[in-house]
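Asker: predicted coordinates and the sequence they were generated for:
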Amino acid sequence: MEGVEHRTVRGIGGDIHVAVKGPEGRVVVLLIHGFPELWYSWRHQISGLAALGFRAVAPDLRGCGDSHAPPEISSYSLFHIVEDLVAVISAVTADDDERVFVVGHDWGSVC
């Protein structure tokens, strides 16, 4: 995808792949995919947000795509995922005062 920067962020338990597009120092929009997707599911939104001047950031969550995949089931708790996302936010923001909007989606489930 044109203009998307791919980088690796060191998370708590391993490396996290992140796709970034848009100017630095701008409002960050963190795009979180559901299972079993990747950063690529946000490709249209990434381009649109960057065109509007936002900094679109879409990681591959742990266990997905090019991010680390710990073998232990216990490594996929909500707390682990949040720790990874905090590492991503810290890596892509210029300072602690920068605003970050979080957008997420998932397929849901049927019981």
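Answerer: Ah, there it is.

Asker: so Leu49 versus Gly22, what's the distance?
Answerer: 7 Å (C-beta to C-beta, to the nearest Å). (Each C-beta comes from the backbone N, C-alpha and C, glycine too.)

Asker: ugh, wrong one, Ile46
Answerer: 8 Å.

Asker: what is in contact with those two at once?
Answerer: Common contact partners of Ile46 and Gly22 (C-beta atoms under 8 Å, 6 or more residues apart in numbering): Ala56.

Asker: so what's Asp60 up against?
Answerer: 16-18, 33, 38-39, 66-67.

Asker: surely His44 is within a helix?
Answerer: Yes. Assessed with DSSP: H, G, I helix; E, B strand; the rest coil, His44 lies in a helix.

Asker: okay, now it: neighbour count?
Answerer: The number of residues packed near His44 is 9, by other C-beta atoms under 10 Å.

Asker: can you check Phe79 too?
Answerer: 9.

Asker: please tell me how far it sits from Val29.
Answerer: From Phe79 to Val29 the distance is 23 Å (C-beta to C-beta).

Asker: on that earlier part again, overlap in contacts, Leu49 and Gly22.
Answerer: Joint contacts of Leu49 and Gly22 (C-beta under 8 Å, 6+ apart) are 55-56.

Asker: so who does Val103 touch?
Answerer: By C-beta under 8 Å, 6+ apart, the neighbours of Val103 are 29-32, 45.
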